[in-house]
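Q: curious how this folds, go ahead:
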Amino acid sequence: MTVLEFGDVRALVADDQPFVRHSIKTILTRLGVGEVLEAGDGVEAATMLLGSAQPIDIIFCDLQMPGRDGIEILRTLSDQKSEIAVVVISGEDTELIQAAVMLAEEQGLNILGSLKKPATADKVNAFMQRLASSPGKKAHFPNANVSPDDLRNAIGQGHILPYYQPKVSMNQRKLISVEALARWQHPDQGLINPGVFIPMAEQNDLIDVLTNTMLDQAVRQCVQWQDAGISVQLAINLSVNSLDQLDLPEHLVNLVEAAGFSPSQIVLEVTESRISDNPTALLDIATRLRLKRFSLSIDDFGTGFSSLQQLQRLPFTELKVDQAFVTGASQDKKARSILETSIDLAQKLGMKIVVEGIESKDDWELVASLGCDLAQGYFIARPMPGRDIAGWLTDWKGQGQ
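A: Presented below is the predicted three-dimensional model:
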């Protein structure tokens, strides 16, 4: 990471303890953050958030403050439909902190996670890396002024490209798979948040053409890697809106094989919280996708309300644990318990287990000790253009020596 990555970022540190504010501000300044504001209580923080002439990108918000506490600040941000990235900081017990994080998530905030005091450079750095690496976390991205016609044109003109995030085996540290993630590089507005254009695609009958262009580009990239001696599986997200088309299995087979790839090397990830919209059609299509030798992954496992029922009904081959139960689980007893239970369930069902959200060495070591198959997260690699995979792979192999 370079200083220039954060030169245009404005941060607010809201905490009633001067030492904590100074410590976080010093760390952010050393990371190259363009401007770091401070608020000594909740009233001052709210005033800055609502009255700032320039947008604030990220707030480090203490829970226990005079005037207005951190929960009231979160409510203010939610009422304003703010896209500011939020890091909850507190010296309270872990369960209380996690309750605040879940509240922020339910309020629809861009919550990056929590930081238990004292704040260290490594912890703050990890949140800033997440902010820089994930378009959905930067406050100004979701405010992009784009229309369905803009999206349609972007797809047609090749402005939406796949970035690839590696998945590696836990026992051998070997590259096994890459997940293709859509990135829209707008010529005038920069990166557009996938949280904006993916729902837009689903709501305007563009999701299928978007999936097609992503899959076509990604499988051709995989063929190029294969020719260069890098053989990987490809994971790609499949919208639930596509899972009511009875000809989907044939269509995907034709698209993949036309590029010289094999369906057996494709993992289709379906988000668990949305897969019950049309259960009969879903069961039909999912079964036929498996017959065509595609693998099926239940993504974001644990975030919906029908996980066990879906595991019983549908022919999934892989369970992907949501990062909410992985990142920081070495310090969070509840998250660790859910993680352990999910892994045990997948193993008993004979499913491959993938964990996302590995952001630290502690996360890696915990997941390795629990017997997971594949790991994914910023500790391993951030999403990157296809041309960067070979260089990353060389570096990654070097780290394992």
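Q: just give me the neighbour total for the closest residue to Gln265 other than its chain neighbours.
A: Of all residues beyond its chain neighbours, the one nearest Gln265 is Gln233 (5.1 Å), with distances taken as CB to CB, 6 or more residues apart in numbering. Backbone N, C-alpha and C define where each C-beta goes, glycine included. By the measure other CB atoms under 10 Å, the count of residues near Gln233 is 18.
Q: helix/strand/coil for Pro162?
A: Under DSSP: H, G, I helix; E, B strand; the rest coil, the three-state class of Pro162 is strand.
Q: in the stretch 251-400 of the chain, which segments are predicted with low confidence?
A: Counting by pLDDT under 70, the ranges of the stretch 251-400 of the chain that qualify are 272-278, 300, 302-307, 400.
Q: swap that for the stretch 101-250 of the chain, sorry
A: Along the stretch 101-250 of the chain, segments meeting pLDDT under 70 span 133-144, 193.
Q: what ranges do the helices span in it?
A: 121-133, 148-156, 194-203, 207-227, 248-258 (DSSP state H, counting those that start in this stretch).
Q: buried ones in the third one, by neighbour count?
A: Residues of helix 194-203 classed as buried: 194-198, 200-202 (neighbour count, 16 or more other CB atoms under 10 Å).
Q: is Val326 in contact with Ile353, as I believe?
A: No. Counting by CB atoms under 8 Å, Ile353 is not a contact partner of Val326; they are 11.2 Å apart.
Q: could I get the helices of the stretch 101-250 of the chain in JSON lines, plus columns for distance to Glu44?
A: Formatted as JSON lines, those follow (distance: least, CB to CB, whole Å):
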{"stretch": "helix 121-133", "distance to Glu44": "21"}
{"stretch": "helix 148-156", "distance to Glu44": "39"}
{"stretch": "helix 194-203", "distance to Glu44": "30"}
{"stretch": "helix 207-227", "distance to Glu44": "44"}
{"stretch": "helix 248-258", "distance to Glu44": "54"}
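Q: nearest to Trp396, of those helices?
A: Closest of those to Trp396 is helix 207-227, at 14.5 Å (criterion: CB to CB).
Q: residues contacting that closest one, please?
A: Residues from elsewhere that reach helix 207-227 (CB atoms under 8 Å, 6 or more residues apart in numbering): 155, 158, 160-162, 164, 178, 180, 182, 198, 201, 231-232, 234, 236, 238-239, 241-242, 245, 252, 255-256, 259-261, 265-266, 386, 389-390.
Q: quick one: neighbours of Gln347, just the number.
A: Counted with other CB under 10 Å, residues neighbouring Gln347 total 16.
Q: for the one 5 residues further on, same thing?
A: When counting by other CB under 10 Å, one arrives at 19 neighbours for Lys352.
Q: how near is the closest residue to it other than its chain neighbours to Asp299?
A: Spatial nearest neighbour of Lys352, excluding adjacent residues (CB to CB, 6+ apart): Glu318 at 4.4 Å. Using CB to CB, to the nearest Å, Glu318 is found at 9 Å from Asp299.
Q: more neighbours: which of the two?
A: Neighbours around Glu318 and Asp299, counted as other CB under 10 Å, are more numerous at Asp299. The numbers are 26 against 22.
Q: give me the beta-bridge partners of the more buried one?
A: Legend: beta-bridge partners of Asp299 under DSSP bridges are Thr271.
Q: that one touches Val267, doesn't it?
A: No. Here Asp299 does not reach Val267: they are 9.9 Å apart, not a contact under CB under 8 Å.
Q: from Trp392, how far off is Phe127?
A: Note on Phe127: its distance to Trp392, by CB to CB, is 22 Å.
Q: do Glu340 as well
A: On the measure of CB to CB, Glu340 and Trp392 end up 30 Å apart.
Q: repeat for Leu206
A: 31 Å.
Q: alpha carbons of stretch 49-65, as CSV, please.
A: Written as CSV, here are the backbone C-alpha positions of stretch 49-65 (Å, rounded to 0.1, in the frame of the first residue of the first chain):
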residue,chain,number,x,y,z
LEU,A,49,-21.1,14.7,10.0
LEU,A,50,-24.2,16.8,9.2
GLY,A,51,-22.5,20.2,8.5
SER,A,52,-19.3,19.3,6.7
ALA,A,53,-19.0,21.1,3.4
GLN,A,54,-16.8,18.2,2.0
PRO,A,55,-17.8,14.6,2.4
ILE,A,56,-16.3,12.4,5.1
ASP,A,57,-15.3,9.0,3.9
ILE,A,58,-14.8,7.1,7.1
ILE,A,59,-15.6,7.6,10.8
PHE,A,60,-14.0,5.8,13.8
CYS,A,61,-16.8,6.1,16.2
ASP,A,62,-16.6,5.4,20.0
LEU,A,63,-19.7,3.9,21.6
GLN,A,64,-19.4,5.6,25.0
MET,A,65,-19.4,9.3,24.5
